[in-house]
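Colleague: Model the structure of this input:
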Amino acid sequence: MSQTDPERLASLSPQEFQAAFEAWLRDNEAELRAVEPNESLSVEEATAPPRRFQQMLYEGGWLRSGWPEEFGGTGGSAERRAQVYETLAVAGYEWPETLPTIEVLLPALQLFAPDLAKQYGNLFLSGQELWCQGFSETEAGSDMAAMRTRAKPVDGGWIVNGHKVWNSYASVSQRCVLLARTGEQEARHRAISMFLVDMDTPGIEARPITTMTGRNELSEIYFEDVFIPTERLIGQENEGWDQSMYLLQWERGMYAWMRQAWVHRKLDALRQHVEGSGYERQFAAAYLRALSLRLVSRKTLRRLAQGENPGPEISMDKLLLSSAEQATLNLARDVLRGEFEFSDDPAITRWIGDYFYTRSASIYGGAAEIQRGIVAQRVLGLPRGR
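Modeller: Take a look at the predicted model:
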């Protein structure tokens, strides 16, 4: 692997950084392609350490760019991280399955629990560990304030009992950022706390859920008398709601940016199939949705990088994300009709997996109906529907 000076990257201008990263990718292409993430593998295979692709990017300084030095970063803003993800997508690489989760969880850990970020953040960032979120519950998905998983205080920490569902990569994760109720049910969002939990703690069981893609990407997590030590509380007790709202900004902002880069790469791959097929207008419509997502998520990302709170407007990022993804994969289904239904070609199989995955885009991270209500009432000021 050709070497670079990670500590020097923070001093480069965006143009210099771009040129240096593209050169590094060219110099290391053979080795990178040999260990590139492969989502056609099972989750267990795809996430098994060592995660060499992610390690190479970390050791080269690229995945450390835009993160604070306290947990292995080289400094700079979130825009530098966005530049890395965009460049990888344009170069045709799949991201490690850890990166979207890193972008959701590490900013919150950095702000609310800097000691935990310093202790564990580099393990997550370098690919040595995989983490998951323990947020959603049955009847408490879009309404997190209804959650029933409870953490009761005991000497030295808390005892947790409850059940979480739809947890990405929980069955192969080493740690979980968990939301649990630390007060009365009637207090709703005012009595929720956030914890960093080791998944090998006695009493935790993650049961994989096989999705329509054929992969165990999701899991249920059961907690039975699980002890969490005091030092694993993220921030202050009963402030988990505010912390999750901060975390949600990154899930909507940076994740939307990553997905727009993914969608544009998919559209580029479809272009050769579209010309002369009669689906040109459908391609143009999908491209305009992807472009809208890019512009809106870029604005959100810049505000986040400057420490601003985008507020309810960020629901637009989520709506555009699901719309762009589904329009693009609907186009793939139609353009590749015949092959799409019956071919065993691995390339077509991947399109099929992507198609089924994007069906959930209007549900995960906040259902589209909820997001439309937020935009209507809190952004546009329309009256609440009856």
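
Colleague: Surely Glu129 forms part of a helix?
Modeller: No. Counting by DSSP: H, G, I helix; E, B strand; the rest coil, Glu129 is not part of a helix but coil.

Colleague: pretty sure it contacts Gln174?
Modeller: Yes. Counting by CB atoms under 8 Å, Glu129 touches Gln174, with 4.3 Å between them. Any C-beta I mention is one placed from the backbone N, CA and C, and that applies to glycine too.

Colleague: anything in contact with each of these two?
Modeller: Overlap of the contact sets of Glu129 and Gln174 (by CB atoms under 8 Å, 6 or more residues apart in numbering) consists of Leu123.

Colleague: give me the low-pLDDT residue ranges for the stretch 101-250 of the chain?
Modeller: Applying pLDDT under 70 to the stretch 101-250 of the chain flags residues 141-142.

Colleague: how does the chain divide into domains?
Modeller: 6-129, 132-238, 241-379 (automatic domain parsing).

Colleague: Would you reformat those as JSON lines and include mean neighbour count?
Modeller: Formatted as JSON lines, the domains of the chain follow (neighbours: other CB atoms under 10 Å):
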{"stretch": "domain 6-129", "mean neighbour count": "18"}
{"stretch": "domain 132-238", "mean neighbour count": "18"}
{"stretch": "domain 241-379", "mean neighbour count": "18"}
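
Colleague: For Thr98, see how far away Gly121 is.
Modeller: According to CB to CB, to the nearest Å, Gly121 stands 12 Å off from Thr98.

Colleague: what are the ranges of the helices in the stretch 1-150 of the chain?
Modeller: Counting by DSSP state H, counting those that start in this stretch, one finds helices in the stretch 1-150 of the chain at the ranges 6-9, 14-27, 29-34, 43-46, 52-59, 78-90, 99-112, 114-125.

Colleague: Just give me the residue right at the centre of the chain.
Modeller: Centroid-nearest residue in the chain, with CA atoms, centre = their mean: Pro100, separated by 2.8 Å.

Colleague: Quick check: closest non-adjacent residue to it.
Modeller: Nearest residue to Pro100, sequence neighbours excluded (CB to CB, 6 or more residues apart in numbering): Tyr255, at 5.5 Å.

Colleague: Remind me which helix or strand that neighbour belongs to.
Modeller: Assigned by DSSP states H and E, Tyr255 belongs to helix 240-274.

Colleague: just how off-centre is that helix within its chain?
Modeller: 8 Å (CA atoms, centre = their mean, to the nearest Å).

Colleague: Now do it: which elements does it pack against?
Modeller: Judged by 3 or more CB pairs under 8 Å, 6 or more residues apart in numbering; DSSP states H and E, helix 240-274 is in contact with helix 78-90, helix 99-112, strand 175-181, strand 192-198, helix 280-305, helix 315-335.

Colleague: what would those look like in JSON lines with distance to His163?
Modeller: As requested, these are exported to JSON lines (distance: least, CB to CB, whole Å):
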{"stretch": "helix 78-90", "distance to His163": "33"}
{"stretch": "helix 99-112", "distance to His163": "21"}
{"stretch": "strand 175-181", "distance to His163": "11"}
{"stretch": "strand 192-198", "distance to His163": "14"}
{"stretch": "helix 280-305", "distance to His163": "32"}
{"stretch": "helix 315-335", "distance to His163": "25"}
